[in-house]
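**Q** Build me a structure from this.
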Amino acid sequence: MSRSWERMVQKNSSQLNKQRKKQGKPSLSSSSGSATADIFKGRNYVLPITLVALAALYLWLGLASQQQAMNSSLSWIVVVLYVLLALVIFLRRPFLKVDKNSLSTIKFNRDRRLTSDQIEKIKVGAGSVVIEMKGTKDRKGRVRKGGNWVFTRLINRYDTDAMSERLERFAKSFNIPFEK
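**A** Numbering: from 1, shown residues only. Have a look, this model is predicted:
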């Protein structure tokens with residue numbers, strides 16, 4: 001089913017459920033299209049710790065220099081902004097969402113989505129999951145391949161065991177090579 005068709009069905013079912021709710025009848029089905037989606041959330045520690053360390057280093061160098069220019073309010077603003085950026089990155093949790101026919105995650109502050117036909121293979125190792133993409137041809141005929149999606153237990157605190165089980169089922173349903 002195409003995505004536009006799914007959106008139309010979702011819109012119509014939500015309108016029908018609203019009408020049924022007004023009439024006091026139970027809803028027919030859930031209107032969310034991601035009811036079958038599994039979401040695996042991680043936590044980013046490395047970059048926030050690095051940013052806080054850089055803010056502390058900048059503050060320490062500014063206070064140790066004993067120059068009036070370094071002790072200005074601008075240096076304090078920079079330190080506070082580094083700490084706020086670290087807090088935002090820490091609170092925004094990375095994730096892998098496994099739908100019925102696609103995978104989605106957040107990369108470089110954008111939501112990325114891979115359908116099953118764009119995945120070349122899935123590799124699972126000790127504490128890591130790698131999803132390799134198929135290459136696409138550009139205008140000159142060169143094959144361009146996007147970067148692999150790597151999910152690790154060490155850096156982003158993903159539950160890679162549960163991810164590998166779900167991705168193995170996903171790979172079997174779409175005949176995607178799965179390596180352990």
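**Q** going forward, measure contacts between C-alpha atoms and count neighbours the same way
**A** Will do.
**Q** What segments of this structure are strands?
**A** 38-41, 95-98, 102-107, 110-115, 119-125, 128-133, 136-137, 143-144, 149-152, 178-179 (DSSP state E).
**Q** Identify whichever of the ones you listed lies nearest to Phe170.
**A** Across the strands of the chain, the minimum distance to Phe170, taken as Cα to Cα, is reached by strand 95-98, at 8.0 Å.
**Q** what residues does the closest one touch?
**A** With contact meaning Cα atoms under 8 Å, 6 or more residues apart in numbering, strand 95-98 is reached by 37-42, 103-106, 166-167, 170.
**Q** hang on, isn't Ser116 packed against Ser104?
**A** No - between Ser116 and Ser104 there is no contact under Cα atoms under 8 Å: 10.9 Å.
**Q** Same drill for those two, tell me which one is more crowded.
**A** More neighbours surround Ser116 than the other of Ser116 and Ser104, with 20 against 16 (other Cα atoms under 10 Å).
**Q** where's that one relative to Thr105, distance?
**A** 14 Å (Cα to Cα, to the nearest Å).
**Q** ditto for Lys180
**A** For Lys180 relative to Thr105 (Cα to Cα), the value is 22 Å.
**Q** Please apply the same query to Ala56.
**A** Applying Cα to Cα to Ala56 and Thr105 gives a distance of 31 Å.
**Q** Adding mean pLDDT, write the strands of the chain out as JSON lines.
**A** Formatted as JSON lines, the strands of the chain follow (pLDDT from 0 to 100):
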{"stretch": "strand 38-41", "mean pLDDT": "92"}
{"stretch": "strand 95-98", "mean pLDDT": "93"}
{"stretch": "strand 102-107", "mean pLDDT": "89"}
{"stretch": "strand 110-115", "mean pLDDT": "88"}
{"stretch": "strand 119-125", "mean pLDDT": "92"}
{"stretch": "strand 128-133", "mean pLDDT": "92"}
{"stretch": "strand 136-137", "mean pLDDT": "68"}
{"stretch": "strand 143-144", "mean pLDDT": "70"}
{"stretch": "strand 149-152", "mean pLDDT": "92"}
{"stretch": "strand 178-179", "mean pLDDT": "92"}
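**Q** Need the distance between the two termini of stretch 86-98.
**A** Per Cα to Cα, the first residue of stretch 86-98 is 28 Å away from its last.
**Q** Show me which residues of that stretch are buried.
**A** 86, 89-90, 94-98 (16 or more other Cα atoms under 10 Å).
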